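**Q** sharing a sequence plus its predicted fold:
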Amino acid sequence: MYIVTAEDMYEIDRFAIDQGGIDGTILMENAGQAIAKEMMIAEEKSCHMAILVGSGNNGGDGFVIARYLKNEGYPVKVLQLVPNEKIKGDAAYHKQLLIHQKVPIQEVLTTDKLLECLVNVDIVIDAILGIGVTGEIREPLRGMISIINEQNARIYSVDIPSGLPANENHTIDIAIKADRTYIVEAPKQSLFLENTAPYYGEWKVIPIGIPIEAYGMIPKVRSWNLKDVKVSFPKRATFSHKGSHGKGLVIGGQELMPGSVALSSRAALKAGAGLVTVATMERNIPVIANYCMEAMYQNLSNFGHIDLAGFDGVAIGMGMGRNRTAKTFVEDVLAQEDVPVIIDADGLYHLKELLGMLQERRSPTILTPHYGEMAMLTNQEIETIKKAPFTMAKEFAQEHQVYLILKGKYTIITAPDGTQMVNATGNAGLAKGGTGDVLSGILLAFIMQHESVLEAMNNACFIHGMSADLRIESGQNTVIDLLASDVIDGLTNVFRTMS
Ligand SMILES: NC(=O)C1=CN([C@@H]2O[C@H](COP(=O)(O)OP(=O)(O)OC[C@H]3O[C@@H](n4cnc5c(N)ncnc54)[C@H](OP(=O)(O)O)[C@@H]3O)[C@@H](O)[C@H]2O)[C@@H](O)CC1
Ligand SMILES: [K+]
């Protein structure tokens, strides 16, 4: 599933029409028909539905939906929120089909009239504005959107909640707050942003028959799914031994935070790492070993030099603390070039002053900031990152030649060449201390076993979230009591689904 900007979507659309020979009216028919079918599954015939259409092709989708629902006996009324002369092109064609079928279309041009028309309406189908919206929402649509949001009716948006920008880095003006959105063909960037995602409500992507070749025209941003994981997940060879699955080093855990590295190392072993060594403060070792007795230990009390030769991967920074000696240590690790390094938590704090070293590294460097850490690394406000996470992540990864995992509800994974993936697994239970340490451990295990760093990162993020999801779905936890250690235990169920 590709994630697009409005411009990408128009490009894809043009390709389908010009190169694929598919008429725009057919794409509109496909979209409207498929959405109407979804509506028929979701809603009873006894509901009173109002389909609200605007001037563009989003409104055109609305005319098609109305035709199919009417044919099936749903009591729909079509409210056209713009004057007749505004309906043009493909939308006009479908409006005409509706008129041929004697479906009445009411012109509703004021908020008062709209209020009157919405009395006793149970379901609003929002086909007012799609991805063509620009600038501040103008009256009377502005007032109409407010009125619609105030109704008790359930709201289904077509493609995008009307008024919401499709792209990141736009200010939200006013927009429909949908209960569910049927996204036409491909999710738009705003679906994945913290500030805009809630407007969509539940969502489902509706394919409309665009040839896959059309996606060759746009920058690739994809969401990673279970099928991708199953295809790319490395199979364990029957005759493998512990050395075949990577020798990893977990560095961190100051005296007051032994749990962080304990979680990372246990997660790495549970995620399939062959051997894990934990380099931490001497006094922590008995505590950590109690939780993770399969690991080996190295005393790091002085934060001196540690030789990385012989290790296949390193994860550094979890619970490491922010004193200057810890920084020297991060610097020492980065300078040893032959090992892939994952930098998390306090390691990222120290990295801020070491960014200049990144481009010089010959082995992959993987950074795992959440939005706050990303703001710190880029000297930006956190709101700036939230508003344009795709761009901020891409610019940073390309500039510093790193792999970047920008952690959030939707995690954005970026390779140094700018390729981006989005992970959508996981739930609110993960918003808790220690879950990031678990991700670092899974990442370490996977990076040591995959040829492709990007695939390993995608799989680690997917599986980390999936473990949390399965814990909730199975009733073993709720989003309130889920612990980072539960996510580690849940890996067993995840791996069962892989075979
Ligand atoms: N992708 C695909 O393959 C397919 C996509 N399809 C569908 O097409 C949709 C995109 O259609 P689109 O380009 O016509 O844009 P859309 O948003 O419906 O209308 C734009 C109009 O809105 C108005 N307007 C704009 N800003 C405004 C503002 N601030 N305040 C007030 N009014 C404002 C402005 O009208 P104006 O009043 O300026 O004449 C402008 O002309 C897409 O979302 C999907 O649903 C399907 O049909 C199947 C194939
Ligand atoms: K809409």
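**A** Cool, the structure landed. Ligands and ions are numbered 1, 2, ... in the order given.

**Q** who's in contact with Gly73?
**A** Residues near Gly73 by Cβ atoms under 8 Å, 6 or more residues apart in numbering: Lys45. All C-beta atoms are positioned from the backbone trio N, CA, C, and that covers glycine.

**Q** any idea of the pLDDT on it?
**A** We have a pLDDT of 93 for Gly73.

**Q** and it, which of the three is it?
**A** Assigned with DSSP: H, G, I helix; E, B strand; the rest coil, Gly73 falls in the coil class.

**Q** what count of nearby residues applies to whatever residue of the stretch 251-400 of the chain ends up closest to ligand 1?
**A** The stretch 251-400 of the chain approaches ligand 1 most closely through Lys387 (18.7 Å), counting by Cβ to the nearest ligand atom. Using other Cβ atoms under 10 Å, Lys387 is surrounded by 20 other residues.

**Q** go on, Ala31?
**A** 26.

**Q** with Gly89 instead?
**A** Using other Cβ under 10 Å, Gly89 is surrounded by 13 other residues.

**Q** now do the contacts for it.
**A** Contacts for Gly89 were tallied using Cβ under 8 Å, 6+ apart; they are Gly24, Asn57, Gly60.

**Q** so what's the closest residue to Ala268 other than its chain neighbours up against?
**A** Of all residues not flanking Ala268 in the chain, Gly441 sits nearest, at 3.9 Å (Cβ to Cβ, 6 or more residues apart in numbering). With contact set as Cβ under 8 Å, 6+ apart, Gly441 has these partners: Val250, Leu263, Ser264, Ser265, Arg266, Ala267, Ala268, Leu269, Lys270, Ala271, Ala315, Ile488.

**Q** which of the three states applies to Gly441?
**A** At Gly441 the chain is in helix, as set by three-state DSSP.

**Q** follow-up on the earlier one: out of the contacts of Gly441, who has the most neighbours?
**A** That'd be Ser264 among the contacts of Gly441, by other Cβ under 10 Å, with 40 neighbours.

**Q** could you report the distance from the residue positioned nearest the centre of the chain to Ala345?
**A** Closest residue to the average C-alpha location of the chain: Tyr410 at 3.0 Å, with Cα atoms, centre = their mean. From Tyr410 across to Ala345, the span is 21 Å (Cβ to Cβ, to the nearest Å).

**Q** ok so, going back, my guess is the residue of the stretch 251-400 of the chain closest to ligand 1 contacts Asn167. True?
**A** No: assessed by Cβ atoms under 8 Å, Lys387 is found out of contact with Asn167, at 10.5 Å.

**Q** helix, strand or coil for Gly248?
**A** Secondary structure, three-state DSSP: Gly248 is strand.

**Q** one step back: quick one: residues contacting the residue of the stretch 251-400 of the chain closest to ligand 1.
**A** By Cβ under 8 Å, 6+ apart, the neighbours of Lys387 are Glu168, Asn169, His170, Leu193, Asn195.

**Q** of these - the most surrounded one?
**A** Per-residue neighbour counts (other Cβ under 10 Å) across these peak at Leu193, which has 25 neighbours.

**Q** look up the closest residue to it, ignoring the ones flanking it.
**A** Glu168 (5.8 Å).

**Q** and the one you found, which of the three is it?
**A** At Glu168 the chain is in coil, as set by three-state DSSP.

**Q** do the one 5 residues further on as well
**A** Classification of Asp173 by three-state DSSP places it in coil.

**Q** ramachandran angles for the residue of the stretch 251-400 of the chain found nearest ligand 2?
**A** Across the stretch 251-400 of the chain, no residue is closer to ligand 2 than Lys387, which sits at 21.5 Å (Cβ to the ion). Phi and psi for Lys387, reported as degrees, to the nearest 10, are phi -80, psi -30.

**Q** equivalent analysis for the one 5 residues further on, please.
**A** The phi/psi pair for Met392 (degrees, to the nearest 10) reads phi -60, psi -40.

**Q** cool, and Val422?
**A** Per-residue torsions, Val422: phi -120, psi 130 (degrees, to the nearest 10).

**Q** what sits against it?
**A** If you count contacts by Cβ under 8 Å, 6+ apart, Val422 has them with Ile3, Phe192, Val221, Arg222, Ser223, Trp224, Tyr410, Thr411, Ile412, Ile413.

**Q** and the helix or strand encompassing Gly32, is it in reach of ligand 1?
**A** In this structure, Gly32 sits in helix 24-42 according to DSSP states H and E. Yes: counting by Cβ under 6 Å from any ligand atom, ligand 1 has neighbours in helix 24-42: Leu27, Met28, Ala31.
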